[in-house]
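Undergrad: Got a predicted structure plus its sequence, pasted below:
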Amino acid sequence: MKVAVLGSTGLVGKNVLKLLTRLDQVVRVYCPVRKVPGAENSPDLAAMGILQGTSKLDFEVVDFMSLGTEGEGHKKLLAGFLGCEAVVCCLGTTIRQVGSKAEQERIDTRLPLTCAAIAKKAGVKNFLCVSAMGADSHSPFFYNRLKGTLEEGLTMMNFETLTLVRPSLLLGKHNDKRRGEEFLQWFFGGERSMLVPSFFRPVHAETVAAHLVTSLLKPPTDHVCVTDKVKGKRIIYNRVLAKTKVEQLF
């Protein structure tokens, strides 16, 4: 099985790679990135926590600003997605990182939808995506509107299967400093987390990654989404993530 991972160097993406490299069913993982993680275009996989199955990983630098039909980025992604059984999308950012709502919308909504359209063109059947708790295109909250719009766009693309994971606050070490999130991780960490209702409880990035990979191995082909009656669509809510023990999924 060949799989592509978008956002492979981020918090969830790294955990997805760790799991995929251990699976015998997966023979190749295509990882389009803005820049290869590590010095001199040689990925520092050890720093990412990936210690086995590294020969399966295929990192390729892609210009995500040139994804138009004639753009070099479009051509690279299209070629990279060919033969993929699934694409796992872990793209996402914060306003603090990128400086404006417009740029966050580009990265959190428009970029994943553009990549998904290219994946569809390449014949990819299964698309899996990290969304967010409370995703709703009509939400009064900007971030939730972005994720809701993303979910609606992906649903309209009619992939054979679509898996959407909606986590609350993600626990884990980000590549960049996020002081607000770090404080919340500390505050809600340890035994305190059990005092938080499961629908809102922070969850580990590893848990999100495990659900993505589990759904990749067992696509929701015959599942009918309760919220919109779409066949082949599965939404994994935070209350499920919060009660998951990763070792029970594999």
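TA: It's in.

Undergrad: measure the residue nearest the centre of the chain to Thr227 for me?
TA: With distances taken as C-alpha atoms, centre = their mean, the residue of the chain nearest its centroid is Cys90 (2.1 Å). Taking C-beta to C-beta, to the nearest Å as the measure, Cys90 falls 23 Å from Thr227. To be clear about C-beta, it is placed using only N, CA and C from the backbone, and glycine gets the same treatment.

Undergrad: go on, Ser131?
TA: Counting by C-beta to C-beta, the separation of Ser131 from Thr227 is 13 Å.

Undergrad: related to what we said a few turns ago, what residues does the residue nearest to the centre of the chain make contact with?
TA: For Cys90, the set of contacting residues under the criterion of C-beta atoms under 8 Å, 6 or more residues apart in numbering consists of Val5, Leu6, Gly7, Ser8, Gly10, Val12, Gly13, Val16, Val130, Leu212.

Undergrad: again, but for Lys101
TA: By C-beta under 8 Å, 6+ apart, the contact list for Lys101 reads Ile95, Phe142.

Undergrad: Check Asp44 and give its pLDDT.
TA: Reading off the per-residue confidence, Asp44 sits at a pLDDT of 76.

Undergrad: Which pLDDT value belongs to the nearest residue to Cys115 once chain neighbours are set aside?
TA: In space, and not counting its chain neighbours, Cys115 is closest to Leu6: 5.7 Å by C-beta to C-beta, 6 or more residues apart in numbering. Leu6 is assigned 98 on the pLDDT scale.

Undergrad: Ok, the one 4 residues further on next?
TA: On pLDDT, Gly10 comes in at 93.

Undergrad: What separation is there between the closest residue to it other than its chain neighbours and Glu70?
TA: Taking C-beta to C-beta, 6+ apart, and ignoring the residues beside it in sequence, Gly10 has Cys90 as its nearest neighbour in space, at 5.5 Å. In this structure, Cys90 and Glu70 are 27 Å apart, going by C-beta to C-beta.

Undergrad: Show me what the longest helix along the chain packs onto, helices and strands only.
TA: For the chain, the helix that runs over the most residues, judged by DSSP state H, is helix 142-156. Using 3 or more C-beta pairs under 8 Å, 6 or more residues apart in numbering; DSSP states H and E as the contact definition, the elements that helix 142-156 packs against are helix 101-105, helix 111-121, strand 126-130, strand 161-166.

Undergrad: Give me the buried positions along it.
TA: Within helix 142-156, the residues scored as buried using 16 or more other C-beta atoms under 10 Å are Tyr143, Asn144, Arg145, Leu146, Lys147, Gly148, Thr149, Leu150, Glu151, Gly153, Leu154.

Undergrad: ok, the second one - contacts?
TA: Same thing as Asn144. For Asn144, counting by C-beta under 8 Å, 6+ apart, the contacting residues are Ala132, Gly134, Ala135, Asp136.

Undergrad: So what's the predicted local confidence for it?
TA: You'll see Asn144 listed with a pLDDT of 97.

Undergrad: quick one: it from Ala116, how far?
TA: In this structure, Asn144 and Ala116 are separated by 20 Å, where distance is defined by C-beta to C-beta.

Undergrad: ok, now Met1?
TA: Note on Met1: its distance to Ala116, by C-beta to C-beta, is 19 Å.

Undergrad: So if I had to pick from the two, which one is more boxed in?
TA: Ranked by neighbour count (other C-beta atoms under 10 Å), Met1 and Ala116 place Ala116 first, with 22 against 16.
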